[in-house]
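> Give me the fold of what follows.
(one chain, ligands or ions: 1)
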Amino acid sequence: MTNPGELSGERASSGESATEGDGAPSKPELSQPAVGRLSLYYRELQRLLESEIGSVNSKSLGKMVNVSPAVVRRDLSSLGTIGRRGVGYDVQTLIDRIGAVLGSGVQWKVVLIGVGSLGDALLRYRGFERLGFQVTAAFDSDPKRIGETIAGVPILDVAELDQVLQQHRPELAIVAVPAEHAVGIAAKLVQGSVSGILNFAPTTLKLPPQVAVVNVDLASELQRLAFRVQMPK
Ligand SMILES: NC(=O)c1ccc[n+]([C@@H]2O[C@H](COP(=O)([O-])OP(=O)(O)OC[C@H]3O[C@@H](n4cnc5c(N)ncnc54)[C@H](O)[C@@H]3O)[C@@H](O)[C@H]2O)c1
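Just a heads-up that it's a prediction; the model follows:
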């Protein structure tokens, strides 16, 4: 069973028994968990498309991301995307609709600050580009790193950050500096062009409400995992 409050702005779903999709909706209001699921559906749907599979039903899609078919149907109906009984959902249509909601298909300019062990690994990850995230520059304060290029991305002196933000106007930033530097860096990013920050530093960034921040904390994800493993079956 799912939490009915999890997905706001949803319409009553008749599941896959209804008719074909009923037109692209305006951007629905979605909860964070729902946005997270859409991102997972998107990844799986792209895999299906690469394997030349043109349709999928809620049961199969749910299985791929480990949620119930009812949750899949609710999520997708909130996008105005309704499958057909016996046929399921058209994979390309779903990719287009989810992509439009998540901002994929749009090219995002991203900068990365802090090219240590984590930043280095993130720069080498090829999966961002596929979803429209282009890391245009990275910044560090360590003279040994400045001037290097990793996976085609130049590492610049963080002293140049303001200037680069003004010139290139990246919309998003990844912060991978030690916690004590993250607040200052985030303030600079926001003063520049950045309106969304993926923050890996273990500190709370207090930023204006119009700036979106997503904090990533792998240690607490592990804690959550351990908690689930410990739970009685
Ligand atoms: N959220 C997670 O799951 C997760 C996982 C690993 C690390 N982290 C965090 O990510 C950050 C980076 O971790 P790491 O292991 O890569 O550390 P690291 O020490 O290897 O790298 C930090 C880098 O930031 C640079 N730096 C320091 N101050 C700077 C500044 N003012 N401007 C620009 N660059 C600066 C350093 O020169 C270094 O290259 C830390 O805050 C760490 O706690 C989070």
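> Give the next helix or strand downstream of the helix or strand hosting G119.
Using DSSP states H and E, G119 falls within helix 117-124. Of the helices and strands lying after helix 117-124 in sequence (DSSP H and E), the nearest is helix 127-130.
> List the contacts of the lengthiest helix in the chain.
As assigned by DSSP state H, the longest helix anywhere in the chain is helix 32-50. The contact list for helix 32-50, computed with Cβ atoms under 8 Å, 6 or more residues apart in numbering, reads 6-7, 30, 56, 61, 64-65, 67, 71-72, 75-76, 78-79, 91-92, 94-95, 98-99, 101-102, 104, 130. (Glycine included, C-beta is placed from N, CA and C.)
> just to revisit the earlier point, show me what counts as buried in the helix holding G119.
Buried residues in helix 117-124, counted by 16 or more other Cβ atoms under 10 Å: 118-120, 122-123.
> what about the chain, any weak spots by pLDDT?
Across the chain, the ranges flagged by pLDDT under 70 are 1-28, 81, 105, 233.
> for the ligand, what are the nearby residues on it?
Within the chain, the positions lying close to the ligand (Cβ under 6 Å from any ligand atom) are 113-119, 139-142, 145, 158, 176-179, 181, 185, 200-202, 216-219.
> Contacts only, for the residue in the chain that the ligand sits nearest to.
Using Cβ to the nearest ligand atom, the closest approach of the chain to the ligand is made by G116 at 1.6 Å. Neighbouring residues of G116 by Cβ under 8 Å, 6+ apart: 140, 176-177.
> Could you single out the nearest of these to G86?
Within the contacts of G116, proximity to G86 (Cβ to Cβ) peaks at A176, which comes in at 47.8 Å.
> give me every residue that touches the closest one.
112-116, 118-119, 122, 200-201.
> Tell me the gap between the strand ranked longest in the chain and the middle of its chain.
What stands out as the longest strand in the chain, according to DSSP state E, is strand 133-140. Using Cα atoms, centre = their mean, to the nearest Å, the mean C-alpha position of strand 133-140 is found 17 Å from that of the whole chain.
> can you give me the angle that strand makes with helix 117-124?
For strand 133-140 against helix 117-124, the angle by axes from the mean of the first three to the mean of the last three Cα atoms, to 10 degrees is 140 degrees.
> measure the residue of the chain closest to the ligand to V158 for me?
With distances taken as Cβ to Cβ, to the nearest Å, G116 is found 13 Å from V158.
> Could I get the buried residue list for the helix or strand containing G184?
Element membership of G184, judged by DSSP H and E, is helix 179-191. When burial is assessed from 16+ other Cβ under 10 Å, helix 179-191 yields the following buried residues: 181-183, 185-186, 188-190.
> Out of these, flag the one nearest to G152.
Closest approach between these and G152, by Cβ to Cβ: L189, at 21.9 Å.
> okay, now the nearest residue to the closest one once chain neighbours are set aside: neighbour count?
Nearest non-adjacent residue to L189, counting by Cβ to Cβ, 6 or more residues apart in numbering: A173, 4.8 Å away. As a burial measure, A173 scores 28 neighbours (other Cβ atoms under 10 Å).
> So what touches the helix holding G119?
Contacts for helix 117-124 (Cβ under 8 Å, 6+ apart): 112-113, 115, 135, 138, 140, 150-151, 153, 174, 176, 200.
> Which PyMOL command selects the buried ones in those residues?
Burial among those is assessed by 16+ other Cβ under 10 Å; the matching PyMOL selection reads:
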select buried, resi 112+113+115+135+138+140+150+153+174+176+200
